[in-house]
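**Q** Give me coordinates for this.
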Amino acid sequence: MLEEPTLPQLRERVQRNTERIDRHEVALNKMQMENAEQKRNISEFDRRLELSSKEHDRWMREWRQAMKESSRKFDEELAQSRRELKAELAESRRRFDEGWAQSRKEIKEGLEESSRKFKEDLEESSRKFDEINAKTNAAITRISTEFLGVTGHIVEGLASSAVDEVFKAAGLPLLHFGKNIKPKQPKANSQMEVDVMLGNDRFTVPVEVKANFTKKKVKRFLRKMEMFRPLFPEYCDRDVLAAICAINYENGADQLAHDEGLLVIRVNSENVFSLDPFDEEKLRRF
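**A** Here you go, the predicted model:
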């Protein structure tokens, strides 16, 4: 028969478990610091987007590989920490249950107090685990949001030199007028900037570039285009069309754009741009 664990021994075991949880929290904080370092690396990468197209492509490949490896290591370390924490909690519970079964006849009178203390300690351990998990999830969400923002700048940079070729290939030759164009004389309370401006002797085509387009963003762009002519009269001596460009279209955002008479440009994982088929007669004039 195993020796009966005393109440101080049980408390000591719970204390050791709490210390292990604290160590895991320190490890997770370290991972969060590493993620902050990744953010700084992303900022440096954004600066280098001003390089030549060939240098830019090389940096894109290296950056993607680094992000992929960093994400993989982070996921592995996070999964390992969670497995270790769950295993330790399970082992603590198992040992306690074994000791309880061996000594329950002798410690019957103190059963309720011991049970209450154990439940409090277990709830505290669970609370700390939930706090760590919440912090980790918040960090992941923040990094994902920042990643989308950086990706949007990358797509915009690529689009400025690629969309005119896409339109030419589709039988709609357009010249590249510029990117990040703002009104020469903006009206009061109006803030508008055209990511890429294209045109020829028949059309002017403002292009809105995003990493990810939702239906809400499509509707916002349509409202934005209602102000185009008053803000950019120098581009309005011809038909004004409009186009959107993105890596991803969520929940039918691309179909909504087609229904509203917008041109839709897609970017695949290899940075290849393509224009969806369109009927010129159905395109909306702003």
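**Q** how long is stretch 221-241 from one end to the other?
**A** Using Cα to Cα, to the nearest Å, the end-to-end distance of stretch 221-241 comes out at 12 Å.
**Q** Quick check: buried residues in that stretch?
**A** 221-222, 224-225, 228, 231-232, 235, 240-241 (16 or more other Cβ atoms under 10 Å). (Each C-beta comes from the backbone N, C-alpha and C, glycine too.)
**Q** Show me those that map onto helices.
**A** 221-222, 224-225, 228, 231 (DSSP state H).
**Q** can you name the two of these that are farthest apart?
**A** Of all pairs drawn from these, the greatest distance, 15.1 Å, lies between Leu222 and Leu231 (Cβ to Cβ).
**Q** Pull the number of nearby residues for Phe203.
**A** For Phe203, the tally of surrounding residues (other Cβ atoms under 10 Å) stands at 19.
**Q** now for the strand or helix carrying Glu91, which elements pack on it?
**A** In this assignment (DSSP states H and E), Glu91 forms part of helix 53-103. With contacts taken as 3 or more Cβ pairs under 8 Å, 6 or more residues apart in numbering; DSSP states H and E, helix 53-103 sits against helix 7-47, helix 111-159.
**Q** any idea of the angle it forms with helix 7-47?
**A** 170 degrees (axes from the mean of the first three to the mean of the last three Cα atoms, to 10 degrees).
**Q** okay, and the helix or strand of this protein with the least pLDDT?
**A** Among the helices and strands of the chain, helix 111-159 carries the lowest confidence by mean pLDDT, DSSP states H and E, at a mean of 54.
**Q** Let me see the contact set for Lys184.
**A** Lys184 makes contacts with Glu234, as judged by Cβ atoms under 8 Å, 6 or more residues apart in numbering.
**Q** do you know how far it is from Glu44?
**A** Going from Lys184 to Glu44 by Cβ to Cβ, to the nearest Å gives 34 Å.
**Q** wouldn't Arg95 be in contact with Leu10 here?
**A** No. Assessed by Cβ atoms under 8 Å, Arg95 is found out of contact with Leu10, at 9.5 Å.
**Q** Between those two, which is the more surrounded one?
**A** Neighbour totals were compared for Arg95 and Leu10, and Leu10 leads with 19 against 13 (other Cβ under 10 Å).
**Q** Assess the claim that that one and Glu98 are in contact.
**A** No. In this structure, Leu10 is not within contact of Glu98 by Cβ under 8 Å, at 12.0 Å.
**Q** how does the chain divide into domains?
**A** Domain assignment for the chain by automatic domain parsing gives 7-154, 163-282.
**Q** Tell me the spacing between Glu280 and Arg23.
**A** 65 Å.
**Q** just to revisit the earlier point, Serialize the buried residues of stretch 221-241 to TSV and add fields for pLDDT and distance to Gly199.
**A** Putting the buried residues of stretch 221-241 into TSV (pLDDT from 0 to 100; distance: Cβ to Cβ, whole Å) gives the following:
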residue	pLDDT	distance to Gly199
Phe221	94	18
Leu222	95	20
Lys224	91	18
Met225	93	15
Phe228	92	12
Leu231	91	16
Phe232	90	11
Tyr235	88	7
Val240	94	9
Leu241	94	9
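**Q** With respect to Val14, which of those is nearest?
**A** Nearest member of the buried residues of stretch 221-241 to Val14, counting by Cβ to Cβ, is Phe221, at 57.4 Å.
**Q** now the closest one: how far from Gly252?
**A** 15 Å.
**Q** How about Val194?
**A** 25 Å.
**Q** So which of the two has more stuff around it?
**A** Ranked by neighbour count (other Cβ under 10 Å), Val194 and Gly252 place Val194 first, with 26 against 13.
**Q** I'd say the more buried one and Val205 touch.
**A** No. The criterion here is Cβ under 8 Å, and Val194 misses it with Val205 at 9.8 Å.
**Q** what residues do these two have in common as contacts?
**A** Common neighbours of Val194 and Val205 (Cβ under 8 Å, 6+ apart) do not exist.
**Q** so Arg285 sits in a helix?
**A** No. Per DSSP: H, G, I helix; E, B strand; the rest coil, Arg285 lies outside any helix segment and is coil.
**Q** what's it in contact with, if anything?
**A** Arg285 makes contacts with 239-241, as judged by Cβ under 8 Å, 6+ apart.
**Q** Same list, those, but as a markdown table with distance to Lys215 please.
**A** What follows is those, written out as a markdown table (distance: Cβ to Cβ, whole Å):
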| residue | distance to Lys215 |
| --- | --- |
| Asp239 | 26 |
| Val240 | 22 |
| Leu241 | 20 |
